[in-house]
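**Q** kindly generate the corresponding structure for this input.
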Amino acid sequence: MSFPCIKINLRKISNNARLINDRCALKGISVVAVTKSILADIEIVKILKKSGINIFGDSRLENLVKLRKYFGYGQELVLLRTPMISECEKMLDVCNTSMQTELSTIKTISDICERKNKKHNIILMVEMDDKREGISARRTIPFFDEIFKKYPRIKIKGLATNARCISKRRPRINSIENLIEIKKRISSRYGYAIPVVSGGNSSIWKYIEDNSIPEGINEVRIGEAIFIGNETSGYEKINGTFSDSFILEAEVIERKIKKGFVYKFIIALGIQDVPCKHLIIQNPCYDIIAQSSDHTVIGLKKTYLDGLVKNKMDGLILPEPEVGDRIIFGLDYFGLMFSMTSPFIKKIYIK
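**A** I've put the predicted structure just below:
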């Protein structure tokens, strides 16, 4: 076996995906599985599909190209980030739907659609709580008006909002309700029924679970809750999910001994692979103390180290990593993203 490696437990991922999809379905909510953190890995996507998830979304067109090649043209794929002008032509060949926030981009897409004699679905992102992308709530209806009147080849399929991607502010019910209110005003003024209202991401899970999600939300975009088992409002574990579907293993290449104890060792893993703040060491006696581009230094926790220096370690049995031993880490969401993206970390699938 080669190291470092990420062990991917497909059974645990399936459990998480099925649980989340089933709970959402009970409330009439469709799940868009967000595949960016797994680099649209086909082995994992197969499991998500078998677990009942029918829509896949990603912010990078390259990942969606991979999914389109695997699924063919019967699968609904959504671009979750406003496309670059330079990729609009290719995007139209790959995606059924795209998130949109800029009129100039929508005009470009419309022009390409005219030339290719095709139509395209868009979802308007409305900025509520996150201070990332989106049209302001007060500008959404004028924005809709311009698209509706000028671009007949563009179908406005939905409204969406985001939370907890940049801002630390938790999603608020009234913000989600505002999104539904915008939909109602558009329906009243234009006689146009917007079919999709995408209420957010893993950060609104608690509202789904406690049944306080406003009626009218019929779609959510979920990544971290499936892959890590966390909701992202308070970063609490979701009941019934696994948080260890992905485990990273790295090899010890050097160790230091003091008074007969291994007090420090180095593993062949660095910032170029995964920044250490996204690693969760599973050995309770050690902490990550430093990292460079290609080395991670791990040392005894201060409590044990102080005891070692003061000769108070009698009777304490510590693990003694040898050169060649493996060190095991859990991953947070960004650790998963780095690990799946790094070409130096091998993937091992556990079925």
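**Q** can you give me the helices for the stretch 201-350 of the chain?
**A** 205-209, 224-227, 302-309, 333-341 (DSSP state H, counting those that start in this stretch).
**Q** residues in contact with the last one: which ones?
**A** Residues from elsewhere that reach helix 333-341 (Cβ atoms under 8 Å, 6 or more residues apart in numbering): 6, 36-39, 41, 223-224, 227-228, 230, 232, 246, 248, 273-275, 278-280, 329, 331, 345, 347. Where C-beta positions appear, they are placed from N, C-alpha and C, glycine not excepted.
**Q** any idea which of the helices of the stretch 201-350 of the chain is most buried?
**A** Comparing the helices of the stretch 201-350 of the chain on average neighbours per residue, with mean count of other Cβ atoms under 10 Å, the densest one is helix 224-227 at a mean of 28.
**Q** for the helices of the stretch 201-350 of the chain, which has the smallest mean pLDDT value?
**A** When these are compared on average pLDDT, helix 302-309 comes out lowest at a mean of 66.
**Q** which of the contacts of helix 333-341 are buried? Put it as a PyMOL command.
**A** Applied in PyMOL, the following selects the buried portion of the contacts of helix 333-341 according to 16 or more other Cβ atoms under 10 Å:
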select buried, resi 6+36+37+38+39+41+223+224+227+228+230+232+246+248+273+274+278+279+329+331+345+347
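**Q** picking that back up, which one of the helices of the stretch 201-350 of the chain lies closest to Gly74?
**A** helix 224-227 (22.4 Å; Cβ to Cβ).
**Q** elements contacting the closest one?
**A** helix 10-26, helix 333-341 (3 or more Cβ pairs under 8 Å, 6 or more residues apart in numbering; DSSP states H and E).
**Q** can you redo these as a markdown table with distance to Ser198?
**A** A markdown table is the format used below for the helices and strands packed on helix 224-227 (distance: least, Cβ to Cβ, whole Å):
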| stretch | distance to Ser198 |
| --- | --- |
| helix 10-26 | 12 |
| helix 333-341 | 20 |
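**Q** and those: which comes nearest Ile266?
**A** Among the helices and strands packed on helix 224-227, helix 333-341 comes nearest to Ile266, with 19.0 Å by Cβ to Cβ.
**Q** separation between the nearest residue to Met128 once chain neighbours are set aside and Ile213?
**A** With sequence-adjacent residues excluded and distances taken as Cβ to Cβ, 6 or more residues apart in numbering, Met128 is closest to Ser175, at 3.9 Å. Distance check for Ser175 against Ile213: by Cβ to Cβ, to the nearest Å, it reads 12 Å.
**Q** possible to save the helices of the stretch 201-350 of the chain as TSV with distance to Lys46?
**A** Putting these into TSV (distance: least, Cβ to Cβ, whole Å) gives the following:
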stretch	distance to Lys46
helix 205-209	24
helix 224-227	14
helix 302-309	44
helix 333-341	16
